[in-house]
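whatever this is, show me its structure:
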Amino acid sequence: MARVRLSNVDKTYPGGTRAVRGCSLEISDGEFLVLVGPSGCGKSTLLRMVAGLEEITEGTIEIGDRIVNDVAPKDRDIAMVFQNYALYPHKTARANLEFALKLRRIPRAERDRRVTEAARILGIEELLDRKPGRMSGGQQQRVALGRALVREPAVFLFDEPLSNLDAKLRHQTRGELKELHARVGTTSIYVTHDQEEAMTLGTRVVVMKDGVIQQVGPPLEVFRPPANRFVATFIGAPAMNLFEGVVGSDGTGVEIEGGGRIAIDGERTPGTEVTLGIRPQHLIETPDGIECRVRVCEPLGDETDVMLDGPGEVPLTARLRLDEVPQAGSKMRVGVLPANTHLFGRECGERMESETVVA
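The predicted structure follows:
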């Protein structure tokens, strides 16, 4: 195992496209770090630079105590699991698992030990004599994981390895990956565009946008006090509701554009232009809330996602526990506890810390 350190890493492609901008990170020995963000945010490019598959333009990358900027991928002591599995179709699972070990001239007895141990950990002993064409997608993914595991690398790199699986299998494999990391403890860097995957798998989560790191922290820390508007709307499903408004004259509430007032936590400077954020899970039905019109309801079992038109026809979503699903076009009043509100600067989009009080 090893720590990984990125210091002011940049990637600019020919033509001037800057995919990664001044990223600095330290991944601790044994940590499971998840890079998450929308397509084109630079997360896969960053992973490929750690792997040595992309050259860096500026900065340094260290694995363990070595700067690896000019070290070939095969000499970085990493193992990578790809989105498309990349198994040899004409080889059995056993042959796929031991192929890289043969290239490294690992003795047969040691190869057999590693393959047997990886197969036991992943529960694929009965697949060892099958070829990929006779396996399901989930089984192929386990073999791909096993091929990385037998390398016994210092660092595992995962590039959206579950995106080709169906929803049920993806959920199951997420749990298996988490168990695998707890058992093996190898430093891992995982890339995904799925914020649910990021939240459930990561020891820490790194949220990226346009090649820039927006926030780094444990999953709940990123969810509860998002650093800016982008993180607030990207992390969490359904996405956080945002309202434009102005802090009222008493400093304890926001006057929403289009009508209505929402109480906030603490006091702020009256007249400040803000963006108010409320998660759908924190909206409640209350007689003294802001009046909204029901557009669509999505029953989810115990809860219902209610899509509403708020003040000024601003769309918002409430996740509510309801005895009866409201009809489209009906009126509903919703509110929120002040402690569950989030304030962001209107212009900068950065989180306004709760310690800000009236001068």
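
when you work out contacts or count neighbours from here on, use the C-alpha atoms and nothing else.
Noted.

where do the helices sit along the stretch 51-200 of the chain?
Listed in chain order, the helices of the stretch 51-200 of the chain (DSSP state H, counting those that start in this stretch) span 93-103, 108-122, 137-149, 167-184, 195-201.

nearest to residue 253, out of those helices?
helix 195-201 (30.8 Å; C-alpha to C-alpha).

show residues contacting the helix or strand following the closest one.
Sequence order places strand 204-209 as the next helix or strand after helix 195-201, per DSSP states H and E. Contact with strand 204-209 is made by 32-38, 41-43, 198-199, 213-219, 222, 231, as judged by C-alpha atoms under 8 Å, 6 or more residues apart in numbering.

related to what we said a few turns ago, just say which of the helices of the stretch 51-200 of the chain is most tucked in.
Ranked by mean neighbour count, the helices of the stretch 51-200 of the chain are led by helix 137-149 with a mean of 23 (mean count of other C-alpha atoms under 10 Å).

now the angle from that helix to helix 108-122?
140 degrees (axes from the mean of the first three to the mean of the last three C-alpha atoms, to 10 degrees).

tell me what helix 137-149 is packed against?
Where contact means 3 or more C-alpha pairs under 8 Å, 6 or more residues apart in numbering; DSSP states H and E, helix 137-149 is packed against strand 78-81, helix 93-103, helix 108-122.

can the ones you listed go into JSON lines with extra columns for mean pLDDT?
Putting these into JSON lines (pLDDT from 0 to 100) gives the following:
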{"stretch": "strand 78-81", "mean pLDDT": "92"}
{"stretch": "helix 93-103", "mean pLDDT": "92"}
{"stretch": "helix 108-122", "mean pLDDT": "91"}
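
now the ones you listed as JSON lines including distance to residue 139?
Below are those laid out as JSON lines (distance: least, C-alpha to C-alpha, whole Å):
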{"stretch": "strand 78-81", "distance to residue 139": "14"}
{"stretch": "helix 93-103", "distance to residue 139": "10"}
{"stretch": "helix 108-122", "distance to residue 139": "10"}
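
which of the contacts of strand 204-209 are buried?
Buried members of the contacts of strand 204-209, scored by 16 or more other C-alpha atoms under 10 Å, are 32-38, 41-43, 198-199, 213-217, 219, 222, 231.

only alpha carbons, please: show stretch 255-274 as CSV.
The C-alpha coordinates for stretch 255-274 follow below in CSV (Å, rounded to 0.1, in the frame of the first residue of the first chain):
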residue,chain,number,x,y,z
GLU,A,255,-37.7,37.4,0.9
ILE,A,256,-38.1,35.1,-2.1
GLU,A,257,-38.3,36.7,-5.6
GLY,A,258,-41.9,36.2,-6.7
GLY,A,259,-43.3,36.2,-3.2
GLY,A,260,-43.0,34.5,0.2
ARG,A,261,-40.5,34.5,3.1
ILE,A,262,-38.4,31.7,4.5
ALA,A,263,-36.8,31.9,7.9
ILE,A,264,-33.1,31.2,8.0
ASP,A,265,-30.6,30.0,10.7
GLY,A,266,-29.0,32.9,12.5
GLU,A,267,-28.9,36.6,11.5
ARG,A,268,-27.6,38.1,8.2
THR,A,269,-27.0,41.6,6.9
PRO,A,270,-30.3,43.0,5.7
GLY,A,271,-30.5,43.6,2.0
THR,A,272,-27.8,41.0,1.1
GLU,A,273,-28.7,39.3,-2.2
VAL,A,274,-28.5,35.5,-1.7
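
that one: which residues count as buried?
Neighbour-count burial for stretch 255-274, counted by 16+ other C-alpha under 10 Å, picks out 255-256, 261-265, 267-270, 272-274.

give me the mean pLDDT for it.
Regarding stretch 255-274, the rounded mean pLDDT is 91.

what lies in contact with that stretch?
Contacts of stretch 255-274 (C-alpha under 8 Å, 6+ apart): 243-254, 290-291, 311-313, 335-341, 343-346, 354-359.

make it 6 Å
Residues from elsewhere that reach stretch 255-274, judged by C-alpha atoms under 6 Å, 6 or more residues apart in numbering: 244-249, 251-254, 290, 311-312, 338-339, 344-346, 357-358.

do stretch 217-230 as well
199, 203-205, 232, 349-351.

let me know the average pLDDT across it.
Taken as a whole, stretch 217-230 has a mean pLDDT of 95.
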